[in-house]
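1. Sequence below, structure please.
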Amino acid sequence: MLVEPVYARDKLEYLHGLEGAILQFEKDKPKDPAWQARDNLRQVAAVHSLAAFVQYTWPVTHPGRALMWGPHIDVVCFAYEQLLYGRVEGHELLVNLPPRCLKSMLTNVTMSAWLWLHNPSAQIMTISGNRKVAYRDNIATRDLIMSDRYQRLMKTAVDLLGEHGLGPGEYWELSKAQNQKESFQNTMRGSRIANSADSKITGMGMDLQIVDDIVDKSQVLGSPSQIANNMAKAVALYEEKLSTRMNSPGRSPRVMIMQRLAEADPAGHALARGVSNLILPWNYDLQHPNTSALDWRQHKGQPLMQMPNSIYPPKAIEARQRQLGDYGFASEFNQLPAPAGGGMFPKEHWSFYKGDGRSLVEHARGRGGTLYLSMDCASKDGDNNDFTVASLVLHWNDDLYVIEQHRVKVDMTGLLELYDSLHESWGEHIVKVLIEDASNGTALLQLRPGHGMKPQKHGGKETRASYLQPYHARGGLLLPDGRSWTRLCIREFALFPRGAYDDQVDALAQVAVYIATSKRSGAHIGAAKKRISVFERMLGRTLG
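-> Numbers count the residues shown, from 1 in each chain. This is a model prediction of the structure:
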C-alpha cells in the first residue's frame, strides 16, 4: 500500500446534502477565529478523505469557479482511496467517465497531491495522450502543492498523522534542484514525472502509474483494420511497455482512465483480463455490460450528474448526441464502443429462421431463389490479421437468408481448401461465387472460378454496408436460429464500423451490392434493347 490511513473508509459514504449542489468557497480569513475553526475542520476532513481534499483545494485548482458537485466525484475518490490503500484486487483499476466530469483533475492532479500528504516519498509517473496535456496536468499539480492552502494542509497532515505514528514525520517542500514542467521532486525524494504516450521511459520506475486517455479520437477513424492496428499499439504500450516500469511489479498500483472509443481499445483489453473497474456511463442502464457496485443510481436513464445544476442539462445532452451521432455518444458518454442496440445495424432488427438451411435452399431454388457464395479473403493467417469469411447467402422473395458462415484465419492453401469444401457440399445449388478482388481474393480468382468484386468500385466499407441496411431494417436479413456463430455475427454488425473486425459485414454486404448493381445493369441493358428494337422497326431490318 502507498497510504496507511488513520480512518480508512470501508464503504462509500456520500458527502450528505451535496447531491447536485453548486459549492461556493469563502476567501481565506486567517485573522478570523470562526473562519480558522471552520478551516481546521476542513483540513482534517481533507487529510482523511480524497473527496474532501478535492473540495478543500478547489479554490486553487479552479480559482473563481463554483464546484458543481455530483455524487460520482465521491465514487471516483473512494475508488482511488481503496487503490492507494492496497485494497483493489490486482492493484490495478480501470475508470471510464464521460467528458467534463473532472476525470483528469481527479486522477492526474488531486490524487497525486493527496498521496503526498501521506507518503511524500512516492514516485509517480503519469502518461497522457499527448505531451501538451501531460505537462498541463503536471504544472497544475506542482502549482497546487506550492499554494498556501496546500502548504498549511501539509503541515496539518504531518502533525495529525504523526500522532498515530504515520505520515512523513517532518515537513517537506519541493526540491529546487529538480522543478520543471515535465518532472519535479520533493525533499523526501518523491518525484512526479509526466510523459506522453510516445515518450521513451526506459530506466524510469514508479510507485504509482497514472495512464490518462492514451487513445486519441483520431485513432478510431479509418478502416477497421487501421483502427485495430492503432488499438494494438495502444494495448502494447499499456500492457507491455508501461507494465515493466513498476517499482514493485504486481503490487505497485496502476490506474487507467479513458473514454471507450473502440472494442479493442486498452480499456476493452483490460476488461477482458478481468481488471477491477469503475465504469460510469452518463445514463444508468441495468443492461450495461459493465455495471459498477459503486454506482449509486437506481433508475434506468438516471443521468450521471443531477439536474438542474449539471454541466450538461438535458437540452445540451440532446444537442451533443445529435452532434456526435450514435457511435460518438455511445463511446464518449455511455462508455460503449458502439450504441447499446447497435448503430447501423440495431440488434432488435435481426430476424431468424428455423429449420435446416439445406432444406430451405432446396425449396427456394425451385421457386426463384438464388444461392450465393460470398468470400472476403484476408491477406495473411496471423493472430493479429483479419479473418477470411465465406458466407452462403440465399436471396429469395427479396430477403437474404444466411445459410452458413465460416470465419477462419487461413493461408492460401487453407483458402483453397475452404473454397473446394464448400463447392463439394453446395456446388449443385450455388449460382454465383462472389470474391473480393483484393488481398488473397485476387490470387483465388486466378485459381478458381468466381466473380471478382472490386471493393473500391462501390465506395468505402460503410457505403457498401449501407446496401444491407434496407434488408436489415425491415427484417429481411435472416440468420439461422440456434447456430453457434449467430451471436458473434450480431455483435460484429452491432459494433460496425468501430469494431475490431468487419469481415462478416463485408462478406454479406458483397451479396447486397451485387444484387443491387446487377439489377441496375440489367434494367439499363433492357432499356437499350428496347430502344434498338424501335430503330429496327423504323429501318425495316435487324441491326447487328
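
2. Could you say which helix or strand holds residue 211?
-> If you go by DSSP states H and E, residue 211 is part of strand 208-212.

3. Buried residues, that strand. List them.
-> Across strand 208-212, burial judged by 16 or more other C-beta atoms under 10 Å covers 208, 209, 210, 211, 212. C-beta here means a position set from N, CA and C on the backbone, and glycine is covered the same way.

4. Let's test this: mean pLDDT of the helix or strand following it, rounded?
-> Of the helices and strands lying after strand 208-212 in sequence (DSSP H and E), the nearest is helix 224-236. Averaging pLDDT along helix 224-236 yields 82.

5. List the contacts of helix 224-236.
-> Here helix 224-236 makes contact (C-beta atoms under 8 Å, 6 or more residues apart in numbering) with 197, 214-215, 219-221, 262, 264-266, 269, 384, 386, 461, 496-502.

6. filter these to the buried ones?
-> Buried among the contacts of helix 224-236 (16+ other C-beta under 10 Å): 197, 214-215, 219-220, 262, 264-266, 269, 386, 461, 496-502.

7. Low-confidence ranges, the stretch 251-400 of the chain, go.
-> Within the stretch 251-400 of the chain, the ranges that satisfy pLDDT under 70 run 306-311, 339-343, 380-385.

8. all strands of it, in order?
-> Ranges of strands within the stretch 251-400 of the chain are 254-258, 276-279, 351-353, 370-376, 388-396, 399-408, based on DSSP state E, counting those that start in this stretch.

9. likewise the stretch 101-250 of the chain?
-> 123-128, 174-179, 183-186, 191-196, 208-212.

10. Please identify which of those strands is closest to residue 243.
-> strand 208-212 (8.6 Å; C-beta to C-beta).

11. Partner strands of that closest one, with direction?
-> Using DSSP bridges, strand 208-212 pairs in its sheet with strand 123-128 (parallel), strand 254-258 (parallel).

12. got the angle between the shortest one and helix 224-236?
-> Calculated by axes from the mean of the first three to the mean of the last three C-alpha atoms, to 10 degrees, strand 254-258 forms an angle of 150 degrees with helix 224-236.

13. who touches strand 254-258?
-> The contact list for strand 254-258 (C-beta under 8 Å, 6+ apart) reads 80, 83, 91-97, 103-104, 107, 111, 208-215, 238, 242-243, 246, 265-267, 270.

14. ok, 6 Å please
-> Contacts of strand 254-258 with the rest of the structure, by C-beta atoms under 6 Å, 6 or more residues apart in numbering, involve 92, 93, 94, 95, 103, 107, 209, 210, 211, 212, 213, 267.

15. Residue 321 versus the last one, what's the distance?
-> If I follow you right, that is residue 267. Residue 267 is 21 Å from residue 321, where distance means C-beta to C-beta, to the nearest Å.

16. So which of the two has more stuff around it?
-> The neighbour comparison of residue 267 against residue 321 (other C-beta atoms under 10 Å) goes to residue 267, with 29 against 16.

17. if I pick the more buried one, what's in contact with it?
-> So residue 267 contacts 94, 258, 260 (C-beta under 6 Å, 6+ apart).

18. For those, pick the one with the most neighbours.
-> residue 260 (25 neighbours).

19. That one contacts residue 335, doesn't it?
-> Yes: using C-beta atoms under 6 Å, residue 260 is in contact with residue 335, at 4.7 Å.

20. Now list whatever residues contact both of the two.
-> residue 96.

21. hmm, back to that, between the contacts of residue 267, which sits nearest residue 167?
-> The nearest one, if we look at those relative to residue 167 and count by C-beta to C-beta, is residue 94, at 29.6 Å.

22. Could you list everything the closest one pairs with in the sheet?
-> As for beta bridges, residue 94 partners with residue 256, residue 277 under DSSP bridges.

23. contacting residues for it?
-> Contact partners of residue 94, counting by C-beta under 6 Å, 6+ apart, are 256, 267, 270, 275, 277.

24. right, and out of the residues you listed, which lies closest to residue 490?
-> Nearest to residue 490 out of these is residue 267 (C-beta to C-beta; 22.0 Å).

25. And that closest one, how far from residue 406?
-> Relative to residue 406, and taking C-beta to C-beta, residue 267 is found at 31 Å.

26. ok, now residue 236?
-> The value you get for residue 236 to residue 406, if C-beta to C-beta is used, is 30 Å.

27. who's more crowded, these two?
-> Each of residue 236 and residue 406 has its neighbours counted (other C-beta under 10 Å); residue 406 has more, 17 against 13.

28. Bridged to the more buried one, which residues?
-> residue 390.

29. Need the strands paired with strand 208-212 in JSON lines (columns: distance to residue 364).
-> Shown next, in JSON lines, are the strands paired with strand 208-212 (distance: least, C-beta to C-beta, whole Å):
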{"stretch": "strand 123-128", "distance to residue 364": "57"}
{"stretch": "strand 254-258", "distance to residue 364": "48"}
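
30. Residue 436: which of those strands is closest?
-> The nearest among the strands paired with strand 208-212, by C-beta to C-beta, is strand 254-258 at 34.0 Å.

31. Find me the pLDDT at residue 539, would you?
-> 41.

32. I should have written residue 14 there, sorry.
-> 66.

33. ditto for residue 439
-> For residue 439, pLDDT reads 86.

34. any idea how far it is from residue 412?
-> Residue 439 is 10 Å from residue 412, by C-beta to C-beta.

35. Ok, residue 354 next?
-> Distance of residue 354 to residue 412, computed by C-beta to C-beta: 37 Å.

36. What strand or helix carries residue 494?
-> Using DSSP H and E, residue 494 sits in helix 486-495.

37. Who are the packing partners of that helix?
-> Contacts defined by 3 or more C-beta pairs under 6 Å, 6 or more residues apart in numbering; DSSP states H and E place helix 486-495 against helix 503-539.

38. if we can go back for a sec, comparing residue 354 and residue 412, which shows the higher neighbour count?
-> More crowded of residue 354 and residue 412, by other C-beta under 10 Å: residue 412, with 15 against 8.

39. Run through the residues that contact the more buried one.
-> Per C-beta under 6 Å, 6+ apart, neighbours of residue 412: residue 440.

40. distance of it from residue 436?
-> Going from residue 412 to residue 436 by C-beta to C-beta gives 15 Å.

41. Then residue 228?
-> 18 Å.

42. quick one, which of those two is more surrounded?
-> Per other C-beta under 10 Å, whichever of residue 228 and residue 436 has more neighbours is residue 436, with 26 against 21.

43. Would you state the predicted confidence (pLDDT) at that one?
-> 94.

44. Would you agree it is in contact with residue 453?
-> Yes: judged on C-beta under 6 Å, residue 436 makes contact with residue 453 at a distance of 5.4 Å.

45. ok, residue 254 - how many residues close by?
-> 24.

46. and residue 292, how many residues sit next to it?
-> Using other C-beta under 10 Å, residue 292 has 18 neighbouring residues.
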